[in-house]
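Trainee: Need coordinates for the below:
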Amino acid sequence: MTSPARAGAARPTGERAMLADVREGLSRAQKELSPKYFYDERGSELFEAITRLPEYYLTRTERAMLRALAPELVAAIHPRTIVELGAGSAEKTRILLDAACRAADRALTYVPVDVSAEFLDRTATRLREAYPALDVRPVVADITTDIVLPALRHPVLHVFLGSTIGNFETPAAVRLLRRIRSAMRDGDRLLLGADLRKAVPRIEAAYNDRAGITAEFNRNVLRVLNRELGADFDVDAFRHRAIYDRDRHRIEMHLVADAPQQVTVPGVGVVRIARGESIRTEISTKYDRPAIEAMFAAAGLDLADWRTDPDGLFALALGARAA
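Mentor: Residues are numbered from 1 along each chain as shown. Next up, the predicted model:
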């Protein structure tokens, strides 16, 4: 559950693609749904509520780190364009925009990329009101696929925050980073947020909040399928479960059926779910520096800088094109 990434995915980009994803995911031995389908407008709002929960340390820790790093980062890169994958509300990115706008002696462009069109429109409107001189060019796209960006002025700071990278299996994460790298020139940088490995109870608490907001967020994926595909999931018959896999260094979020279900998904068919069977809805990998360095290297990136908070909860990694 990362911003996320969770924050990086949202309203389906097409019924055909959604049907293919759902058909493939629900046919697996471990049934699975992509976290991109959490994020209709309600899902995006639920995630924003999660980021304010006391248990969810990721957002406030990353925000504090950005406040400390932003002036130095902007002074070093002098970005003319900031591209953010999985922009969501762009609340944390305002820290970078504030620093960049103060330092800018020329036009600055911000390209927020998100798959939730409604949420992205609201974000763009608010940013234009807050930063009249900022050229805001929103792009509605699924970050798991190739993204068509507008013409960019360089240097470009690519931003991928919230440890959304952790929502991807390592090969998919490397492919995503490689796509970012392909859009980079010398002088461009990638700022990546990464949740770090730490005591398991601290991690699990962040995904099992007492208020039950994460559980509602998790079940929202079924509401999206019911509305968008005409499926008939009994949403209230699933309970939220989030557990840490120590071998893979990741949280897994599941929806567990409290009773046997026979679900009809038009275009997919009948899906039978046994009592106690789960649908995995998200993974959230936790990293250390060697793991990030290895992913960067596989994607053709060098780790140019590495910062952590004083408690070692979270990291900001700065990537550059490898020579």
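
Trainee: which element follows whatever helix or strand Arg102 lives in toward the C-terminus?
Mentor: Arg102 belongs to helix 93-103 when elements are defined using DSSP states H and E. Downstream of helix 93-103, the first helix or strand assigned by DSSP H and E is strand 109-114.

Trainee: Could I get the pLDDT score of the closest residue to Ala130 other than its chain neighbours?
Mentor: With C-beta to C-beta, 6 or more residues apart in numbering as the criterion, Ala130 has its nearest non-adjacent residue at 7.5 Å, and that residue is Arg94. Any C-beta I mention is one placed from the backbone N, CA and C, and that applies to glycine too. Among the per-residue scores, Arg94 shows a pLDDT of 94.

Trainee: Who are the contact partners of Leu69?
Mentor: Counting by C-beta atoms under 8 Å, 6 or more residues apart in numbering, Leu69 touches 307, 316.

Trainee: Which of the helices or strands spans it?
Mentor: In the assignment (DSSP H and E), Leu69 maps to helix 57-77.

Trainee: Keeping just the C-alphas, turn that helix into PDB.
Mentor: Taking C-alpha atoms only, helix 57-77 is exported to PDB below (Å, rounded to 0.1, in the frame of the first residue of the first chain):
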ATOM      1  CA  TYR A  57       4.400   6.500   8.700                       C
ATOM      2  CA  LEU A  58       5.400   6.500   5.000                       C
ATOM      3  CA  THR A  59       3.800   9.800   3.900                       C
ATOM      4  CA  ARG A  60       4.700  12.000   6.800                       C
ATOM      5  CA  THR A  61       8.300  10.600   6.900                       C
ATOM      6  CA  GLU A  62       8.800  11.200   3.100                       C
ATOM      7  CA  ARG A  63       7.300  14.700   3.400                       C
ATOM      8  CA  ALA A  64       9.700  15.700   6.100                       C
ATOM      9  CA  MET A  65      12.600  14.400   4.100                       C
ATOM     10  CA  LEU A  66      11.400  16.300   1.000                       C
ATOM     11  CA  ARG A  67      11.300  19.500   3.000                       C
ATOM     12  CA  ALA A  68      14.900  19.100   4.100                       C
ATOM     13  CA  LEU A  69      16.100  18.000   0.600                       C
ATOM     14  CA  ALA A  70      14.100  20.100  -1.800                       C
ATOM     15  CA  PRO A  71      16.200  23.300  -1.800                       C
ATOM     16  CA  GLU A  72      19.500  21.400  -2.200                       C
ATOM     17  CA  LEU A  73      18.000  19.100  -5.000                       C
ATOM     18  CA  VAL A  74      16.600  22.000  -7.000                       C
ATOM     19  CA  ALA A  75      19.900  24.000  -6.700                       C
ATOM     20  CA  ALA A  76      21.800  21.000  -8.000                       C
ATOM     21  CA  ILE A  77      19.600  20.000 -10.900                       C
END
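
Trainee: mind checking how far whichever strand or helix holds Arg42 is from the chain centre?
Mentor: Under the criterion DSSP H and E, the helix or strand holding Arg42 is helix 41-50. The gap between where helix 41-50 is centred and where its chain is centred comes out at 13 Å by C-alpha atoms, centre = their mean, to the nearest Å.

Trainee: what pLDDT, on average, does it get?
Mentor: For helix 41-50, the mean confidence score works out to 90.

Trainee: any idea where the helices of this structure begin and end?
Mentor: In the chain, the segments counted as helices under DSSP state H are 15-26, 41-50, 57-77, 93-103, 117-130, 170-182, 200-206, 213-229, 289-298.

Trainee: Looking at those, which is nearest to Gln262?
Mentor: Within these, the stretch nearest Gln262 is helix 15-26; the backing value is 12.6 Å (C-beta to C-beta).

Trainee: just for the stretch 51-200 of the chain, where's the confidence low?
Mentor: Regions of the stretch 51-200 of the chain meeting the criterion pLDDT under 70 cover residues 104-105.

Trainee: Now the helix holding Arg42: buried residues?
Mentor: For helix 41-50, the buried set under the neighbour-count rule, 16 or more other C-beta atoms under 10 Å, comprises 42-44, 46-50.

Trainee: one step back: can you state the direction angle for the helix holding Leu69 and helix 41-50?
Mentor: An angle of 90 degrees separates the directions of helix 57-77 and helix 41-50 when computed by axes from the mean of the first three to the mean of the last three C-alpha atoms, to 10 degrees.
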